[in-house]
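Engineer: Dropping the sequence and predicted coords here.
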Amino acid sequence: MAVSNSEIAAVLDEVAALLEISGASFFRVRAYETASRVVRDLSRPVSRMIKDPDADLTELPGVGKDLASKITEIATTGDLPLRRELEEQVPTGLMDVTKIAGLGPRKAYALYLALGVTDLDSLLEAARSGKVKTVKGFGPKTEANILEGIYAVKGLGRRLLWSDAEPIAARVVEHMKALAGVERAVAAGSFRRLKDTVGDLDVLVVCADAEAAGEHFVSLPGVTRVIARGPTRSSVVVDDGVQVDIRVVEAGSWGSALQYFTGSQAHSIALRSMALRKGLKLNEYGVFREEDRVAGETEEDVYASLGLPWIAPELRENRGEISAAFEGSLPSLVELRDIRGDLHVHVETGEDGGTLAEIVKAARRKGYLYIAVTNRAGSEADGKALLETWKRIDRVNQTGSGLHVLRGVEVEILSSGTLALRDELLSHADIVVAAIHTDTRMNRPRMTRRVIKAMSHRHVDVLAHPTGRVLGETLPYQVSMDEVIAAAARYDVALELNACPRRLDIDDLACHSARDHGVKIVVATDAHSARELDYMRFGIHQARRGWLEKGDVLNTMTYRSLVKYLRHR
Ligand code: DGT
Ligand code: CA
Ligand code: CA
């Protein structure tokens, strides 16, 4: 296939960027940039010109003999040895750096020389610690732009939030179940493991007629591309970007296939070596001793054949669940129905305060015993509105609705680690949630000190969204979670697991570690509307991935125990 002009121009651009990064002369870089522009703007395809004896590339503006032969080479082969050579010399990550908005090759190279920036991670480190703005030609504004650019590039990448994957998974499963002969259909993979983000969906189906199932699958509404179509496996892209893989298996292999495609890969590998030690072979078709299939119909059988109880998918990450299962010490995971209330909820301020009434109603409908209204206070100036909200709460409590509304606050942790409200005011709150929303780009030691100082404050009960991450938008603050968890244990402060599906902060690993240190977790929605109280279930997913049991979660307590706990702190 002929190499297009824009493809040729792209190679020339890349050579220019690589030359610039490696410190080549301004004139040499400029020559490639100019050539790229000229080729891009040409009305005739270069691939045809080079076959035309009457055409001469050197007649193009800015193109001499050397460049003409390079362009010819690209047009013929699609690449240039010079580009490959340069690519070898330049740290690969540095090209990623050049693509951050506000940076180009020249600035990337300057950061490489001044700070040793070689990839996005080292750039992030340098920008966060404030070193970038000290380099000649950079200022605080550029530094801020660089951080924004990295956040955009990093974060979620091409992964989906679990909550966004859910309706797609449901659609696929429903579609498959509509086909006669489909006995079962389940979304496995990371989706079934309830991971906060999902790379692609892996749907497993039992159907005697695999061919018909595959045919039916690719007819799913919303399919924008069919990647693969085979007798038992197919892949499509739906909604312009979400990949869905399907596997059709026979009923006798259901359990093994479900185990295999649920993963994680690390969990399955550990299981397989355990099987080998028992003289068994484990694969997606079953568990075999020699040629005999000894298990495979259900997941329970598969685990039982290895001498293990069934392990909940959300634990299958090879983080100790297999030995816990073996010893009979798997956690008894917290469930949504264990939750007795929501301890991080925002309501509108002002006279009628519509959302307070709605939220109270919705919380009662959920069967909650309590909620905490925790409006934000960023400075002393917010004290007045807070007192008014508390008065409205008192009135709601006087109506004796059966739901206890706690007078709370989400108080800002200032840069120094002190709180934005005076102690006197905080002492009147039923619950104090502390959080950071401002000045989030501190280096790790400073940020860690700031958070721990706030936790040491005698009125602080809960540290909200402790890392500040927003999936796909904002990377976590630079903060040592190990030290924060140790401090939470020391000061008896609970850590929030923010259930908003874009946050899910703290993550599963931190939950696990908190539990190991005896730190209590509050699973809370941070709802700003009655509807957002429903986020609770996403928080429970993450809590379960973090091995949390009912007793690890503060808001599984009855109202009386909670009040007692909050008073005795
Ligand atoms: P994702 O899609 O990136 O969120 O993560 P997963 O876990 O869904 O991974 P995916 O879609 O690549 O594969 C689905 C499952 O299939 C995975 O959890 C385990 C299984 N699997 C895939 N490739 C392998 C493999 O090479 N070895 C083993 N043991 N299992 C695999
Ligand atoms: Ca997957
Ligand atoms: Ca997959």
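Structural biologist: Thanks, I have it. Numbers count the residues shown, from 1 in each chain. Ligands and ions are numbered 1, 2, ... in the order given.
Engineer: hey, let's count contacts and neighbours off CA atoms from now on
Structural biologist: Will do.
Engineer: ranges for the helices of the stretch 451-569 of the chain?
Structural biologist: Secondary structure of the stretch 451-569 of the chain (DSSP state H, counting those that start in this stretch): helices located at 481-491, 508-516, 536-545, 559-568.
Engineer: Not counting the lowest-mean-pLDDT helix or strand in the chain itself, show me its contacts.
Structural biologist: Counting by mean pLDDT, DSSP states H and E, the weakest-scoring helix or strand in the chain turns out to be helix 92-98, with a mean of 79. When contacts are taken as CA atoms under 8 Å, 6 or more residues apart in numbering, the neighbours of helix 92-98 outside the stretch itself are Leu18, Leu103, Gly104, Pro105, Lys107, Ala108, Val117, Thr118, Asp119, Leu120, Leu123.
Engineer: can I assume the first one is in contact with Val90?
Structural biologist: Yes. If you go by CA atoms under 8 Å, Leu18 and Val90 touch, sitting 7.3 Å apart.
Engineer: Of these two, give the one with the bigger neighbour count.
Structural biologist: Using other CA atoms under 10 Å as the criterion, Leu18 and Val90 rank with Leu18 on top: 27 against 16.
Engineer: For that one, which residues are in contact?
Structural biologist: Residues near Leu18 by CA under 8 Å, 6+ apart: Arg83, Leu86, Glu87, Val90, Met95, Pro105.
Engineer: Tell me which helix or strand it sits in.
Structural biologist: helix 5-21 (DSSP states H and E).
Engineer: burial measure for Leu336, as a count.
Structural biologist: For Leu336, the tally of surrounding residues (other CA under 10 Å) stands at 15.
Engineer: Tell me how far it lies from Ile540.
Structural biologist: Counting by CA to CA, to the nearest Å, the separation of Leu336 from Ile540 is 6 Å.
Engineer: what do you get for Tyr112?
Structural biologist: Note on Tyr112: its distance to Ile540, by CA to CA, is 44 Å.
Engineer: Comparing the two, which residue is more hemmed in?
Structural biologist: Set Tyr112 next to Ile540 and count neighbours by other CA under 10 Å: Ile540 wins out with 27 against 19.
Engineer: so the more buried one touches Asp338, yeah?
Structural biologist: No. Under the criterion of CA under 8 Å, Ile540 makes no contact with Asp338, lying 9.8 Å away.
Engineer: Who are the contact partners of Gly279?
Structural biologist: When the contact criterion is CA under 8 Å, 6+ apart, the partners of Gly279 are Arg289.
Engineer: Show me how the chain divides into domains.
Structural biologist: Listed by automatic domain parsing, the domain ranges of the chain are 5-154, 160-249, 254-327, 336-568.
Engineer: name the helices or strands packed onto the helix or strand Glu388 falls within?
Structural biologist: In this structure, Glu388 sits in helix 383-398 according to DSSP H and E. Helix 383-398 sits against strand 404-412, with contacts defined as 3 or more CA pairs under 8 Å, 6 or more residues apart in numbering; DSSP states H and E.
Engineer: what's the spacing between the strand it packs on and its chain's center?
Structural biologist: Between the mean C-alpha location of strand 404-412 and the chain-wide mean there is a distance of 28 Å, by CA atoms, centre = their mean, to the nearest Å.
Engineer: Quick one: work out the angle between it and helix 559-568.
Structural biologist: Orientation check (axes from the mean of the first three to the mean of the last three CA atoms, to 10 degrees): strand 404-412 against helix 559-568 gives 40 degrees.
Engineer: Tell me which residue in the protein sits closest to ligand 2.
Structural biologist: Using CA to the ion, Asp200 is the residue of the chain that sits closest to ligand 2, at 4.0 Å.
Engineer: surely that residue meets Ile246?
Structural biologist: No. Applying CA under 8 Å as the test, Asp200 and Ile246 come out as separate, 10.8 Å apart.
Engineer: So which of those two has more stuff around it?
Structural biologist: The residue with more neighbours, out of Asp200 and Ile246 and counting by other CA under 10 Å, is Ile246; that gives 28 against 20.
Engineer: so who does the closest residue to that one other than its chain neighbours touch?
Structural biologist: Ranked by CA to CA, 6 or more residues apart in numbering and with sequence neighbours excluded, the top spatial neighbour of Ile246 is Val203, at 4.7 Å. Neighbour list for Val203: Val172, Val173, Ala185, Val186, Ala187, Ala188, Val244, Asp245, Ile246, Arg247 [criterion: CA under 8 Å, 6+ apart].
Engineer: next SSE after the strand or helix carrying Val203?
Structural biologist: Secondary structure here is read from DSSP H and E; on that basis Val203 sits in strand 201-207. Per DSSP H and E, the first helix or strand lying C-terminal to strand 201-207 is helix 210-218.
Engineer: Using PDB, write down the CA coordinates of that following helix.
Structural biologist: Included here for helix 210-218 are C-alpha records, laid out as PDB according to Å, rounded to 0.1, in the frame of the first residue of the first chain:
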ATOM      1  CA  ALA A 210     -21.600 -22.200  19.800                       C
ATOM      2  CA  GLU A 211     -21.800 -21.100  16.200                       C
ATOM      3  CA  ALA A 212     -25.300 -19.600  16.700                       C
ATOM      4  CA  ALA A 213     -24.200 -17.900  19.900                       C
ATOM      5  CA  GLY A 214     -21.300 -16.300  18.100                       C
ATOM      6  CA  GLU A 215     -23.500 -15.100  15.300                       C
ATOM      7  CA  HIS A 216     -26.000 -13.700  17.800                       C
ATOM      8  CA  PHE A 217     -23.200 -12.000  19.800                       C
ATOM      9  CA  VAL A 218     -21.900  -9.900  16.800                       C
END
